[in-house]
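Undergrad: Got a sequence here, can you model it:
(one chain, ligands or ions: 1)
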Amino acid sequence: MDYKASEHIQDLQYFGEFGGVNPSISDSSTYTFLSAKTMFDTFEGNTEGCYLYSRHSSPSNLYLGEAMAQLEGTEAANVYASGMGAISAVIMQLCNANEHIVCSRTIYGGTFAFLKNFLKKFNISTSFIDITDLEIVEQAITTETKMIYCEAVSNPLLEVANIRALSNLAKKYGIPLVVDNTFSPLNINAAKLGADVVVHSLTKFINGSSDCVAGAVCASSEFCLSLKDVNNGAGMLLGSTLDSLRAASILKNMRTLHVRIKKHSENAQYLANAFERDGLKVVYPGLKSHQGHETMKTQMNSEYGFGGLMTLDVGSLDKANTLMELMQKEKLGYLAVSLGFYKTLFSAPGTSTSSEIPLEEQEKLGLSQGLIRFSIGLDNNIHETYLSMRSCMEQLGILGKTVRPILTKVP
Ligand SMILES: *Cc1c(COP(=O)(O)O)cnc(C)c1O
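TA: Numbers count the residues shown, from 1 in each chain. Next comes the predicted model:
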């Protein structure tokens, strides 16, 4: 991979109304037309380059959309009021009643619930399959299938999808490949690897300050415009519009994404190495022991590492809960869902973000109750963090005090 996303984002230059270094924030829900004829044309569908009403688009949302398009290297991008707002719009734009979707079985709980429960209203069915087994993916495709859906690095099991191979398969059947790249912005350029539509929750790493909810769709200009269509666009008509003030603040945070992702990855790799060496069950794509390690290596932008997410299996939900409470007390992070914050966030997905997935399905996926998902923070001294986390684990008997000598330096 040699797409220089962060350089492209940094090169986007807008001057504010008074020459400010940040673009002015658009503070209007509606826009004047100089002639009645232009207003008519706009409502007839000829909306390109025209502001109409802020649910359709606003200057601030377009600036953020341009930065998102640069991130993925797509022609265009639309922004939404949440990741789910983006995901549900894409799915409803691509699928009609009675059609079918092939989807990875390890995905974000909200997306799972939307596909499995909500879309029943329209008799749209989904086959949830092991996305890493291409034969199974291909067998699941029927004449009614309208898309293959997966996450580049999956929530919460950190499975790595082979995007190039899935894209070839999707092309063979003439259907789009939709990839949620929330866990790996900059690490993986899903569109450059062949994804037709890339969706993001901006709430996570891209905004990075856990102060708002937002989403994006990166795709061809044609598809992005179709989502905005005043007569038929799911984005326009379902109405999950991002507020301009938020779009402006997310754009400013996006300027530092490359620095943050490198640090999140560096810290996560350090802890994953250390805890694996201590004999814990660690899942991290940057470990040789990870099933998707080789796939990840062939499709990542290596300067950004393997991402900031890691899981530890501590054996039982009780142990997971006591450990998380203790780590929070020791100021090692917060017992909270979400990811991409400067502080480490930890949660037990089985009873939180993936609780939409029925228990027996969780077990089939290998999502055990003792699993803790960590979004590793931007700690300046990760070795100190490691020692403190280790000490918490020793107090609770998760790690034996004398099992191995404590790691004293960077592995
Ligand atoms: C959080 C998340 C979403 C949903 O995004 P919201 O902004 O919360 O609506 C979708 N996919 C993944 C992988 C996520 O982590």
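Undergrad: By proximity to the ligand, which residue of the stretch 101-250 of the chain wins?
TA: Proximity to the ligand, evaluated over the stretch 101-250 of the chain using CB to the nearest ligand atom, is greatest for S201 at 3.1 Å. For the C-beta atoms, the positions are set from N, CA and C on the backbone; glycine is no exception.
Undergrad: what's the longest helix along the chain packed up against?
TA: Counting by DSSP state H, the longest helix found in the chain is helix 257-277. Helices and strands touching helix 257-277, by 3 or more CB pairs under 8 Å, 6 or more residues apart in numbering; DSSP states H and E, are helix 5-11, strand 281-283, strand 309-313, strand 371-375, helix 382-395.
Undergrad: The shortest one packs against which elements?
TA: Just to be clear, that refers to strand 281-283. Identification of packing neighbours for strand 281-283 by 3+ CB pairs under 8 Å, 6+ apart yields helix 257-277, strand 309-313.
Undergrad: returning to that earlier point: and the longest helix of the chain, average pLDDT?
TA: The pLDDT scores in helix 257-277 average 98.
Undergrad: near the ligand, which residues of the stretch 151-300 of the chain show up?
TA: Contacts of the stretch 151-300 of the chain with the ligand, taken as CB under 6 Å from any ligand atom, map to 151, 155, 180, 182-183, 201, 203-204, 213, 215.
Undergrad: Of those residues, which belong to strands?
TA: 151, 180, 201, 215 (DSSP state E).
Undergrad: quick one: contacts of stretch 226-236?
TA: With CB atoms under 8 Å, 6 or more residues apart in numbering as the test, stretch 226-236 has contacts from 43, 45, 47, 52, 55-57, 78, 80, 88-90, 92-93, 217.
Undergrad: Show the average pLDDT along that stretch.
TA: So the average pLDDT for stretch 226-236 ends up being 94.
Undergrad: Now do the end-to-end distance for that stretch.
TA: 9 Å (CA to CA, to the nearest Å).
Undergrad: Quick check: buried residues in that stretch?
TA: When neighbours are counted by 16 or more other CB atoms under 10 Å, the buried residues of stretch 226-236 are found to be 226-230, 233-236.
Undergrad: Please identify the buried residues of the longest helix of the chain?
TA: Applying a neighbour-count criterion of 16+ other CB under 10 Å, one finds 257-258, 260-276 buried in helix 257-277.
Undergrad: again, but for stretch 133-149
TA: For stretch 133-149, a neighbour-count test (16+ other CB under 10 Å) marks 137, 140-141, 145-149 as buried.
Undergrad: Please apply the same query to stretch 328-337.
TA: Within stretch 328-337, the residues that count as buried by 16+ other CB under 10 Å are 328, 332-336.
Undergrad: nearest to T241, of the residues you listed?
TA: Set against T241, the nearest of those by CB to CB is A336 (26.6 Å).
Undergrad: check contacts around that closest one.
TA: 345-347.
Undergrad: One more: A81?
TA: Applying CB under 8 Å, 6+ apart, the residues contacting A81 are 213-215, 240-243.
Undergrad: Go through the residues you listed and give me the one with the most neighbours.
TA: Neighbour counts for the contacts of A81, by other CB atoms under 10 Å, peak at G215, which reaches 29 neighbours.
Undergrad: That one contacts I87, correct?
TA: Yes. If you go by CB atoms under 8 Å, G215 and I87 touch, sitting 7.1 Å apart.
Undergrad: what touches both of the two?
TA: Both G215 and I87 are contacted by V199, under the criterion CB under 8 Å, 6+ apart.
Undergrad: re earlier: from the buried residues of stretch 133-149, which are also near the ligand?
TA: Applying CB under 6 Å from any ligand atom to the buried residues of stretch 133-149, none is adjacent to the ligand.
Undergrad: Show me the two of the residues you listed that sit farthest apart.
TA: Every pair of the buried residues of stretch 133-149 checked by CB to CB; the farthest is V137 and K146, at 14.7 Å.
Undergrad: secondary structure element for the residue lying closest to K228 once chain neighbours are set aside?
TA: Spatial nearest neighbour of K228, excluding adjacent residues (CB to CB, 6 or more residues apart in numbering): M236 at 5.1 Å. Assigned by DSSP states H and E, M236 belongs to helix 234-238.
Undergrad: circling back to that earlier point, got a markdown table for the buried residues of stretch 328-337, with secondary structure, distance to L166 and pLDDT too?
TA: Below are the buried residues of stretch 328-337 laid out as a markdown table (DSSP: H, G, I helix; E, B strand; the rest coil; distance: CB to CB, whole Å; pLDDT from 0 to 100):
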| residue | secondary structure | distance to L166 | pLDDT |
| --- | --- | --- | --- |
| Q328 | helix | 38 | 97 |
| L332 | coil | 37 | 97 |
| G333 | coil | 34 | 97 |
| Y334 | strand | 34 | 97 |
| L335 | strand | 35 | 96 |
| A336 | coil | 32 | 95 |
